[in-house]
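**Student:** please work out how this folds:
(one chain, ligands or ions: 2)
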Amino acid sequence: MTMDKYILGIETSCDETAASVVKNGTEIISNVVASQIDSHKRFGGVVPEVASRHHVERITMVIEEALSQADMEPEELTAVAVTEGPGLVGALLIGVNAAKAFAFANGLPLIGVHHIAGHIYANRLVQEMDFPLLALVISGGHTELIYMESHGSFDVIGETRDDAAGEAFDKVARSLKLPYPGGPHVDRLAQESRETVQFPRVWLETESYDFSFSGLKSAVLNHLHNAAQRGEEADPAAIARGFQESVVEVVTGKTVRAAEAYGVRQVIAAGGVAANKGLRTSLQAAFAEKGIPFYIPPLPLCTDNAAMIAAAGTVMYEQGIRSTMAMNGRPGLILQSWKEKSGFSV
Ligand code: KG4
Ligand code: ZN
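**Tutor:** Ligands and ions are numbered 1, 2, ... in the order given. You can find the predicted model right below:
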């Protein structure tokens with residue numbers, strides 16, 4: 001008989017203070033997320049110092065709440081998994097130090113998790129992974145296509161060369177005077193609009209799986225400036241729709257091409273922008289047509305949360321990967337296959 005594993009996950013890499021208990025890497029027992037969006041709204045983006053201060057204030061309470069909702073004592077846990085990077089350094093440090101203190105006090109193994117591995121493993125809380133698979137991680141900080149041959153094997157086959165998709169959504173939203181975070185507002189306007197403004201599709205070199213969104217963002221800004229100079233009123237909904245159509249077409253096109261070229265058995269999407277209705281609809285239709293199984297986790301698991309960190313941490317635990325008390329928050333951490341970092345890492 002194998003023993004059940006209960007992993008406590010902790011996530012503080014950006015603007016959510018989150019803790020969660022996950023059973024055997026697949027079942028959410030508790031999932032607590034304290035969002036800071038309201039505090040950052042008036043600045044139009046995440047202010048690192050404000051984020052760190054909120055994390056410090058809330059982390060203990062959020063961990064206690066995750067345990068209490070799970071109705072568990074620390075000694076019933078198997079290990080503690082925490083986001084080691086990438087992210088805001090001051091924000092990461094709060095989670096890493098809380099995890100270290102908690103693991104030390106309760107004699108539990110400690111596991112440092114890459115934030116993107118977490119986003120990918122969010123899918124395992126809903127649907128078992130089937131390899132080889134392709135993951136599209138699309139958020140405020142990332143736009144990556146990752147090929148996975150097996151658990152813990154990550155091959156980044158494409159990534160953004162400039163802005164992340166979510167960053168472009170947020171900047172375009174800001175230029176349209178929409179509140180932060182702008183992605184959901186652009187999405188809503190795009191659905192409502194009947195008109196559309198044509199913007200370029202940025203495909204880069206034909207064989208490349210990389211993305212670029214800064215040119216598209218500039219095209220939107222130019223359109224607004226030109227309209228202002230001519231004394232014309234720009235149509236925010238038509239701009240939102242045109243911008244979103246450009247992002248959706250390119251992201252869908254590259255994801256489908258990669259899935260076919262690599263012959264994957266499953267495609268999964270993750271990250272905040274995977275919440276986008278236009279993108280979801282387009283990807284679902286494209287993969288239904290190709291006959292390739294395609295999954296997106298439910299919205300609360302698409303955006304930052306700690307259940308995804310616990311889910312990834314569980315598989316790392318099973319592979320024998322542990323971190324030492326020398327672990328630090330690593331803002332620029334690169335996504336490495338777990339085999340390459342098996343055993344102890346700092
Ligand atoms: O994954 P996430 O919560 O945080 C990280 O960046 O790791 O993603 C947040 C991003 C923001 O840029 C937000 O505007 C975007 O996801 N987002 C959306 C939508 N919902 C959230 N972008 C487009 N359409 C949406 N419906
Ligand atoms: Zn994220």
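**Student:** could you use CA atoms for every contact and neighbour count after this?
**Tutor:** Fine.
**Student:** which other helices and strands contact the lengthiest helix in the chain?
**Tutor:** What stands out as the longest helix in the chain, according to DSSP state H, is helix 236-261. Counting contacts by 3 or more C-alpha pairs under 8 Å, 6 or more residues apart in numbering; DSSP states H and E, helix 236-261 is packed against strand 133-138, helix 165-175, helix 183-192, helix 214-229, helix 277-290.
**Student:** report the buried residues of that helix.
**Tutor:** For helix 236-261, the neighbour count (16 or more other C-alpha atoms under 10 Å) marks 236-256, 258-259 as buried.
**Student:** ok, now stretch 136-156?
**Tutor:** For stretch 136-156, by 16+ other C-alpha under 10 Å, it's 136-148, 151-154, 156.
**Student:** can you narrow those down to the ones near ligand 1?
**Tutor:** By C-alpha under 6 Å from any ligand atom, the members of these lying near ligand 1 are Ser139, Gly140, Gly141.
**Student:** how about Asn31, secondary structure?
**Tutor:** When classified by DSSP: H, G, I helix; E, B strand; the rest coil, Asn31 comes out as strand.
**Student:** and Ile268, which helix or strand is it part of?
**Tutor:** strand 266-270 (DSSP states H and E).
**Student:** that strand near ligand 1 at all?
**Tutor:** No: using C-alpha under 6 Å from any ligand atom, strand 266-270 never reaches ligand 1; the gap is at least 7.6 Å.
**Student:** by contact count, what packs against that strand?
**Tutor:** For strand 266-270, the packing partners by 3+ C-alpha pairs under 8 Å, 6+ apart come out as helix 115-121, strand 133-138, strand 294-295.
**Student:** export the ones you listed as a markdown table, with columns for mean pLDDT.
**Tutor:** Shown next, in a markdown table, are those (pLDDT from 0 to 100):
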| stretch | mean pLDDT |
| --- | --- |
| helix 115-121 | 96 |
| strand 133-138 | 98 |
| strand 294-295 | 98 |
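**Student:** what residues are up against the nearest residue to Asn276 once chain neighbours are set aside?
**Tutor:** The shortest distance from Asn276 to any residue other than its chain neighbours is 6.2 Å, reached at Asp187 (C-alpha to C-alpha, 6 or more residues apart in numbering). By C-alpha atoms under 8 Å, 6 or more residues apart in numbering, the residues touching Asp187 are Ala240, Arg241, Gln244, Asn276, Lys277, Gly278.
**Student:** helix, strand or coil for the closest residue to Val21 other than its chain neighbours?
**Tutor:** Distance criterion C-alpha to C-alpha, 6+ apart; nearest residue to Val21, sequence neighbours excluded, is Leu8 at 4.6 Å. Of the three states, Leu8 takes strand according to three-state DSSP.
**Student:** tell me what Leu8 is bridged to.
**Tutor:** Val21, Val80 (DSSP bridges).
**Student:** re earlier: and the strand holding Ile268 with helix 277-290, angle?
**Tutor:** 180 degrees (axes from the mean of the first three to the mean of the last three C-alpha atoms, to 10 degrees).
**Student:** could I get strand 266-270 in CSV with only the CA atoms?
**Tutor:** What follows is strand 266-270, C-alpha atoms only, in CSV (Å, rounded to 0.1, in the frame of the first residue of the first chain):
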residue,chain,number,x,y,z
GLN,A,266,-2.2,16.3,-25.6
VAL,A,267,-2.1,20.1,-25.6
ILE,A,268,-2.6,22.1,-22.4
ALA,A,269,-2.8,25.8,-21.8
ALA,A,270,-2.1,27.7,-18.6
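**Student:** average pLDDT for it?
**Tutor:** Strand 266-270 shows a mean pLDDT of 97.
**Student:** for it, which strands pair with it and how are they oriented?
**Tutor:** For strand 266-270, the paired strands and their directions (DSSP bridges) are strand 133-138 (parallel), strand 294-295 (parallel).
**Student:** so what's the gap between the shortest one and the chain middle?
**Tutor:** What that stands for is strand 294-295. Distance of strand 294-295 from the chain centroid (C-alpha atoms, centre = their mean, to the nearest Å) equals 16 Å.
**Student:** and what of stretch 273-287?
**Tutor:** On the basis of C-alpha atoms, centre = their mean, stretch 273-287 sits 16 Å off its chain's mean C-alpha point.
**Student:** what about it, near ligand 1?
**Tutor:** Yes: Stretch 273-287 lies within reach of ligand 1 by C-alpha under 6 Å from any ligand atom, at Val273, Ala275, Asn276.
**Student:** of these, which is the nearest to Ala70?
**Tutor:** Set against Ala70, the nearest of these by C-alpha to C-alpha is Ala275 (27.0 Å).
**Student:** the closest one and Leu299 touch, don't they?
**Tutor:** Yes: under the criterion of C-alpha atoms under 8 Å, Ala275 makes contact with Leu299 at 5.9 Å.
**Student:** enumerate the residues of the stretch 201-346 of the chain near ligand 1.
**Tutor:** By C-alpha under 6 Å from any ligand atom, the residues of the stretch 201-346 of the chain that approach ligand 1 are Gly271, Gly272, Val273, Ala275, Asn276, Thr303, Asp304.
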